[in-house]
Every structure is written in structure tokens, then in C-alpha cells.
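In: How does the following fold in three dimensions:
(one chain, ligands or ions: 1)
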Amino acid sequence: MSDFASDVEKGTSHSVSVSEILAVRELDVDGGTKDGRWQKMPQKLTEAYPYAFTVSYVERARQHRWRCSDVTFHCSEGALCQQWIQTIREQLTALTNRPKHLLVYINPYGGKQQGKCIYEQKVAPLFACASISTDVIVTENANHARDHLKTEAELKKYDGVVCVGGDGMFSEIVHGLVSRTQRDNGVDQNSLEEKLVPCTLRIGIIPAGSTDCICYATVGINDPVTSALHVIVGDSQPMDVCSVHHNNTFLRYSVSLLGYGFYGDVLADSERKRWMGPARYDFSGFKTFLTHHHYEGAVSFLPATDTLGTPRDKTRCRAGCFICQHDGQLYSGDSPEESKTAPDVSDREYEMGWGVVRGKFLAINAASMSCACPRSPKGLSPAAHLADGTTDLILVRKCSRFNFLRHLLRHTSKDDQFDMTFVEVHRVRRFRFTPRHCQNDSELDLRENGKQLFSQICRDHPACSCSPAYSSWNCDGEILPHAAIEVGVHCQLIKLFARGIEEQPLFEDLANPPCAL
Ligand SMILES: Nc1ncnc2c1ncn2[C@@H]1O[C@H](COP(=O)(O)OP(=O)(O)OP(=O)(O)O)[C@@H](O)[C@H]1O
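Out: Numbering: from 1, shown residues only. Prediction:
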């Protein structure tokens, strides 16, 4: 390197893996790059080293944030400079996991309605710098992206699909892509017995929504630049998807939370109060807590007896998670019938390997990932995995308001929220719920007759101790039209342009490390 000088201090060094280099650009002697960007260079330096090139690379900042940094190398010989540029370009071309052509959907109305602006100002320039070409569709209505993916999109042209929006937009992309993949492969989504075909295209999420839970769970932060850089370097994070069925009919896919009782009631109530804006979640949460309704029914579940982890583990699912890698490779082909050994839980009924719990519940939650977010840093199930083919089924039985409050508060403290007599948690591959008053398919009819009015009055009165017969299922923020459902987990059905949450280095202060090749 004696013929080179980098524009960083002498005597310090920093190495960058080729996999985290975004691009290399040649610099004109007068300081302009061939792509039109300008850089100021000291005159003395340009005289001694008239040739130069700039390398753009990923730099880690605080709290899982990634930034694009540039370092310029100056050279005394033109041929040598060209050789470096050529070699780096060859190395980048050899990285076959990087996307070259992407299909981008922008929801202009998600979150603070900044989707278009975020994409144009923060993401598009990075994609251009990394020579990624894009076809961009700004959605015109809800389900535009889902329906386009399901039918019209020429998927063969692309290396991935990117959505600019929130969790609802991501859900649209998942539904469109998974449904299209099953249709193209002749798989019937209605049958829980069918093994779904994994999607080949990876999905990128540029966060521009209100909550961005999926970004928090897969990247560790909701930052558009960080997410764009994960797309550019071609990261790949497999993710499980649950399919939700009612009476052998497919209803929806879920990747994060399925919640009946408390979380279903909060969502149903908050939907009626959209006019309140984001404050409606706090309002409805408080109101639902006060109403303290419980729901009777039976939960049957197929325990995941062949996985390494449990919901009470202290370890967390992080980048390169051993458990996700292990399960993905060894067990993804298992049919539920292959894991029929009952776990060591003595007070459960077991029928054909299925556990059955009957009773009155304040909440029935299935967390397919930790569901951690700034409001609940540990999440509903802190040790849940992104891609181990299971979901954590959390049953909160009827208890006093005080005890339920203790349980809810533990989501924000270090204490174990499952260590309470009225809470049980099971890692499962499949489960079903049958409400007590609905052994057949009549719960919707019940909702539509006079009882609906009665139950609505009860719902709206915190003082009423009479619980309505039914709650609603909150499926990743959408209300399901049925209470009786059956759910199966499909191991690693989709892949994201992400790598899971990286462990933070001990010395987090990585601000502006000097860089040299
Ligand atoms: N052009 C559009 N007009 C109206 N609604 C749209 C449009 N495009 C997408 N949607 C719908 O808007 C809903 C919400 O969008 P999105 O998830 O992007 O933002 P959000 O709800 O604010 O964020 P989060 O889901 O993270 O809370 C989605 O369910 C999606 O189906």
C-alpha cells in the first residue's frame, strides 16, 4: 500500500469485510467522482497522489443502526488505482446473494404518511449507489400490493420485494407472495395438512409505519437507512409463518401475534376509536383492562417436543441463532405427526399427542417471535424464535385484576412473566381454540342476532361483571371474523433481507473509526 494514502489519520486502521462494501467509485483528479458526486481534496494530496477511488461501506452505529460511510484512497499511479477498483468490483460481483433488481411497493399513507419521501430521500440513493435497479409502485388503495403480487407481478424478473410501510404493509406482501407461491405450485392453502412451498424471493421492509414491530424483531431498530443497507448487502433471515384456518378454510397468515381475549378486545375497541389517533391504543388498553372480561373454551395444542429451546430460556434469538439454524435444517420437513411425545406436564390431558386445556381465560396469545418493541422491550415471549418452526402459546387464566396487572407489568421488568400460577406457556407446532358456546360454526350467527347488542353493552361497561361469550382474534393487528380457529406453523416459509438482531459489541462507541483497506 506504499503507493496509496487514505484520507484517514495515519497510524490507525479499521478493517471492512468485502461483504459489507456497498460500492467503489473512481475519483477524478479534480475531486469529482465519475457518478457526479464531489469531494473536496487538499491540493498537496492531489499533487502527490493524483489518482483516487472511494469505497462506500457499512458502518455500525449505536443501537443496531447502520450507516453508509465513505473512505477515499489516493494513489500515485493510474494503473494501480484502476487495478484496485477492478479487483474490488470483481469481489463485489462474486457476491451472489446481493439483489440486482427489486420490486418496491410504497404505502403513501402508512405511519406519518412519509413513505414516499423516506424512500426517495433515504433509500433510492443508496440502491442507486449499489447499482440496484428498481420497479417502484406507489399503492393506490389497501390490498393493492397484495393483489398485484398474487396475480400480475412478473416475479421472475426480481431478486426480492421491498415494502415501504408498516407491519400492515408487510403483512400484505407476505399474503401476496405466499399465496402466489402456493398457487404457482398447485398447493391448496385451505388444507392445514398440506406442506406449503417456501417463497424464493426475499422481502425487505423499509420502516415507514406506526409500530414497525417486524423491523424491531429482525433488525433491532426501525431505521430506513439501516434496513436499506441490509437489503443491499443481501442479508437473509428465514422466518416462520402461521396459517390460520376456520372449518378447513384458510383465513390469514400471521408472523407475530395471534391474541384472543385481552389483545383481541384492545384491537376491536381501538378500531372503533380510530378518530383518536395513536392514543386509542392506550385508551382501549386501559378500558379493556378495567372491563376484565374472561372467555371460556378449550385450547388444544401439539407441543414441539423435538426442539432445543423452551419459552423459559434465558437466551434470546439473535443473528446466527443456533436454534433457528438447527431446526430449520433438521426439522423443517417434519410433519406434526412425527412429534407426538407428550411433554412432562402432569396436569394436562393428552389426546394423540395433543394437550388440551379447558377453562376461563383472560388472554390466549400465540407469539411466533418475541414481539419486542419500544413499548414492551422484552416482548410477549422474550425467548421466542424467528425461524424454529414453533409458536409460544401463552394461556392466562381468569384471575383477579390485581394479578393480571402484575402479569402485564412484568412485560416491562426483568421478572419472568410466565412465573405465575395462572399463566402457562407451551412451545407448539399447531393449536386450535374452540369457544365454549361454539362447539360448531355458529358463533358468527350469534354475533349477528340480538345477543350482539347485549354483549356490546357489556363490553362498553367496565363495571359489568358479565363477560360476553366471545372475544375476537387479533391476527398481527387485524381482526379475524371467527373465534374458533386452528393454527399451524410453517417453518421458514419466507425470508427477509435481514440477519436477526446483532449482539451489541462490548464497547459500543464505534463512532467514526478510521478506515483503511
Ligand atoms: N394506498 C393506500 N391507501 C390506503 N391504505 C393503504 C394503501 N396502501 C396500503 N394500505 C393499507 O394501509 C394499512 C396500514 O399501513 P402500514 O402498515 O404501512 O402503516 P401503519 O398501520 O401506520 O403501521 P403499522 O402497521 O406498523 O402500525 C395496511 O394494512 C395497508 O393494507
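In: residue ranges of the strands in the stretch 151-300 of the chain, please?
Out: 160-165, 202-207, 237-246, 249-254, 257-261, 295-303 (DSSP state E, counting those that start in this stretch).
In: Just put these in CSV and tack on mean neighbour count.
Out: No exception for glycine: its C-beta is placed from N, CA and C like everyone else's. Listed next are those as CSV, based on neighbours: other C-beta atoms under 10 Å:
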stretch, mean neighbour count
strand 160-165, 28
strand 202-207, 26
strand 237-246, 23
strand 249-254, 19
strand 257-261, 26
strand 295-303, 22
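In: so can I have TSV of those strands showing distance to the ligand and mean pLDDT?
Out: Below are the strands of the stretch 151-300 of the chain laid out as TSV (distance: least, C-beta to the nearest ligand atom, whole Å; pLDDT from 0 to 100):
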stretch	distance to the ligand	mean pLDDT
strand 160-165	3	98
strand 202-207	8	98
strand 237-246	16	98
strand 249-254	12	98
strand 257-261	12	97
strand 295-303	25	96
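In: now those as TSV including distance to residue 494?
Out: Below are the strands of the stretch 151-300 of the chain laid out as TSV (distance: least, C-beta to C-beta, whole Å):
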stretch	distance to residue 494
strand 160-165	10
strand 202-207	6
strand 237-246	5
strand 249-254	9
strand 257-261	17
strand 295-303	22
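In: Give me the nearest residue to the residue in the stretch 151-300 of the chain positioned nearest to the ligand, chain neighbours excluded.
Out: Relative to the ligand, the nearest point of the stretch 151-300 of the chain is residue 166 (2.2 Å; C-beta to the nearest ligand atom). Spatial nearest neighbour of residue 166, chain neighbours left out: residue 209 (1.5 Å); criterion: C-beta to C-beta, 6 or more residues apart in numbering.
In: Could you export the helix or strand residue 493 falls within as PDB, CA atoms only?
Out: Residue 493 belongs to strand 485-496 when assigned by DSSP states H and E. These are the backbone C-alpha positions of strand 485-496, laid out as PDB (Å, rounded to 0.1, in the frame of the first residue of the first chain):
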ATOM      1  CA  ILE A 485     -59.600 -21.300  14.700                       C
ATOM      2  CA  GLU A 486     -56.900 -23.800  14.000                       C
ATOM      3  CA  VAL A 487     -53.300 -22.700  13.500                       C
ATOM      4  CA  GLY A 488     -50.300 -24.400  12.000                       C
ATOM      5  CA  VAL A 489     -46.700 -23.100  12.000                       C
ATOM      6  CA  HIS A 490     -44.800 -23.300   8.700                       C
ATOM      7  CA  CYS A 491     -41.100 -23.400   9.400                       C
ATOM      8  CA  GLN A 492     -39.100 -20.800   7.500                       C
ATOM      9  CA  LEU A 493     -41.700 -20.200   4.800                       C
ATOM     10  CA  ILE A 494     -40.400 -16.700   4.000                       C
ATOM     11  CA  LYS A 495     -37.000 -14.900   4.000                       C
ATOM     12  CA  LEU A 496     -36.300 -11.300   4.900                       C
END
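In: quick one: average confidence on that strand?
Out: Strand 485-496 shows a mean pLDDT of 97.
In: just checking, what packs against it?
Out: Packing contacts for strand 485-496, counted by 3 or more C-beta pairs under 8 Å, 6 or more residues apart in numbering; DSSP states H and E, involve helix 167-184, strand 202-207, strand 237-246, helix 322-330, strand 423-435.
In: Name the residues of the first one that are buried.
Out: Buried residues in helix 167-184, counting neighbours by 16 or more other C-beta atoms under 10 Å, are found at 167-182.
In: If you count neighbours, what's buried in stretch 399-412?
Out: 399, 403, 404, 406, 407, 408, 410, 411.
In: nope, stretch 371-380 is what I was after
Out: For stretch 371-380, by 16+ other C-beta under 10 Å, it's 371, 372, 373, 378, 379, 380.
In: Nearest to residue 277 among those residues?
Out: Taking C-beta to C-beta as the measure, residue 277 lies nearest residue 373 of the buried residues of stretch 371-380, at 18.1 Å.
In: So what does the closest one have for phi and psi?
Out: Main-chain dihedrals, residue 373, degrees, to the nearest 10: phi -160, psi 170.
In: what bridges to it?
Out: residue 376 (DSSP bridges).
In: Now do the contacts for the residue nearest the centre of the chain.
Out: Centroid-nearest residue in the chain: residue 214, 2.6 Å away (criterion: C-alpha atoms, centre = their mean). With contacts defined as C-beta atoms under 8 Å, 6 or more residues apart in numbering, residue 214 is in contact with 167, 170, 205, 255, 256, 496.
In: let's go with 10 Å and repeat that
Out: 166-167, 169-171, 174, 203, 205, 207, 222, 239, 255-256, 369, 371, 373, 386, 476, 496, 498 (C-beta atoms under 10 Å, 6 or more residues apart in numbering).
In: And for residue 365?
Out: Counted by C-beta under 10 Å, 6+ apart, residue 365 has contacts 257-264, 371, 380-381, 391-396, 425, 474.
In: cool, residue 86 as well?
Out: Residue 86 makes contact with residue 24, according to C-beta under 10 Å, 6+ apart.
In: can you check the one 10 residues further on too?
Out: Neighbouring residues of residue 96 by C-beta under 10 Å, 6+ apart: residue 234.
In: Looking at it now. What's its pLDDT?
Out: Reading off the model, residue 96 has pLDDT 94.
In: next one: phi and psi at it?
Out: Per degrees, to the nearest 10, the backbone of residue 96 is at phi -80, psi -10.
In: Identify the residues contacting the closest residue to the ligand within the stretch 1-150 of the chain.
Out: Distances between the stretch 1-150 of the chain and the ligand by C-beta to the nearest ligand atom are smallest at residue 110, namely 2.6 Å. Shown in contact with residue 110 (C-beta under 10 Å, 6+ apart): 118, 139, 163-170, 207-210, 212.
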